[in-house]
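1. Sharing a sequence plus its predicted fold:
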Amino acid sequence: MVTRILAGYLGGNCTLQESGLSQLQLVLKAIGNAGLAATSLTPSLSSCASLRSNPTEIRLAAIQAFRRIPCSANRTVLVRLYQAADDDVEIRIASYYIAMKCPSEELFNQVQQTLQEETSSQVGSFVWSHLSQLLETDDPLKQYLRDSLPDDILSREFDWEIWKYSSYSDVTFHSATAGANVEAALVFSPASFIPRSTMTNLTIYTLGRAINLLEFNVRLENAEDLMQKMVGQHSATFSEYLFTNTDERNSKCQAQVKKRKAELSRWKVQ
């Protein structure tokens, strides 16, 4: 019954007229927490994540809602979004990260091929750093994934400068009676020199059990406007310096800003 209620709020592709953006985000988070019970909603989640006219935060919430849905469900939308070179960087990175929750030989081949042909330095850097960390992780919960990864999956190397490119880190600590694993991800957008989102996850191991002690995600938009007001014109020069060697140039930044304004305008009209 709960899933039917959530499905009613969700609609076919998240384009609701009577529900606000924040309420829809809460519905998507609830679906993500429901896990197995929300398997029947995967077609709606796929449509929600794929529809580019939806606000980016709604598409991201729909992608993240797949995190606890069983791997037996249809999750092909995640790979499709990850491989869409013309889609938003945040969407592609989130799709890749959630898709890797259900590893398979087919997925590894798709990731390897996409990484080889990658045109985005931000997406490529995140995927490269994530795979590099997985190949060396000592986290007990990731041992199966580490052992499943092909040795040659890193088909191409990318820069890993955390102040400039999107990245992922994985650190495990051990003691005589307990252990802990810390995951951290930092995602940049071509439209800003300030990180667009960050994720941290802390899991502790004690008495033969794994306890997810802390997990939080923070996403910022338009923070660069505040920074420019505080710093002045020098912030624009700083941004130009940071991204001078990336393939996401100023023209793409302007396109992202225009796209964001158009998204918000369409949402208000609905």
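-> Sure thing, it's come through.
2. List the residues that contact the nearest residue in space to Gln83 that is not next to it in sequence.
-> Nearest residue to Gln83, sequence neighbours excluded (Cβ to Cβ, 6 or more residues apart in numbering): Thr114, at 5.2 Å. C-beta: built from backbone N, CA, C; applies to glycine. Thr114 is in contact with 82-83, 127, counting by Cβ atoms under 8 Å, 6 or more residues apart in numbering.
3. Of these, which belong to helices?
-> In helices, defined here by DSSP state H, the members of the contacts of Thr114 are 82-83, 127.
4. Do a quick rundown of the strands in the stretch 101-250 of the chain.
-> 167-174, 178-187, 197-206, 209-219 (DSSP state E, counting those that start in this stretch).
5. distance between the shortest one and the chain's centre?
-> How far strand 167-174 lies from its chain's middle: 18 Å, per Cα atoms, centre = their mean, to the nearest Å.
6. which one in the protein is furthest away from the centre?
-> Ala176 (34.6 Å; Cα atoms, centre = their mean).
7. Okay, it and Asp170: tell me how far apart.
-> Distance from Ala176 to Asp170, counting by Cβ to Cβ, to the nearest Å: 22 Å.
8. what's the answer for Tyr144, then?
-> Computed as Cβ to Cβ, the Tyr144 to Asp170 distance reads 15 Å.
9. Compare these two and say which is more crowded by neighbours.
-> Taking other Cβ atoms under 10 Å, Tyr144 and Asp170 do not tie; Asp170 has more neighbours (21 against 9).
10. who's in contact with that one?
-> 133-134, 137, 139, 142, 181-183.
11. Poorly predicted segments of the stretch 101-250 of the chain, please.
-> By pLDDT under 70, the weakly predicted segments of the stretch 101-250 of the chain are 160, 222-250.
12. One more pass at 90, please.
-> Confidence mapping of the stretch 101-250 of the chain against pLDDT under 90 gives the ranges 151-152, 155-164, 174-177, 189-196, 207-208, 213, 215-250.
13. doesn't Arg219 make contact with Ile194?
-> No. With contact defined as Cβ atoms under 8 Å, Ile194 does not count as touching Arg219 (11.5 Å).
14. Between those two, which has more neighbouring residues?
-> Counted by other Cβ under 10 Å, Ile194 and Arg219 do not tie: Ile194 has more neighbours, with 18 against 14.
15. So that one versus Phe108, what's the distance?
-> 33 Å.
16. And Asn217, by the same measure?
-> Asn217 is 26 Å from Phe108, where distance means Cβ to Cβ.
17. Tell me which of these two has more neighbours.
-> Taking other Cβ under 10 Å, Asn217 and Phe108 do not tie; Phe108 has more neighbours (17 against 12).
18. list the contacts for the more buried one?
-> 148-150, 153.
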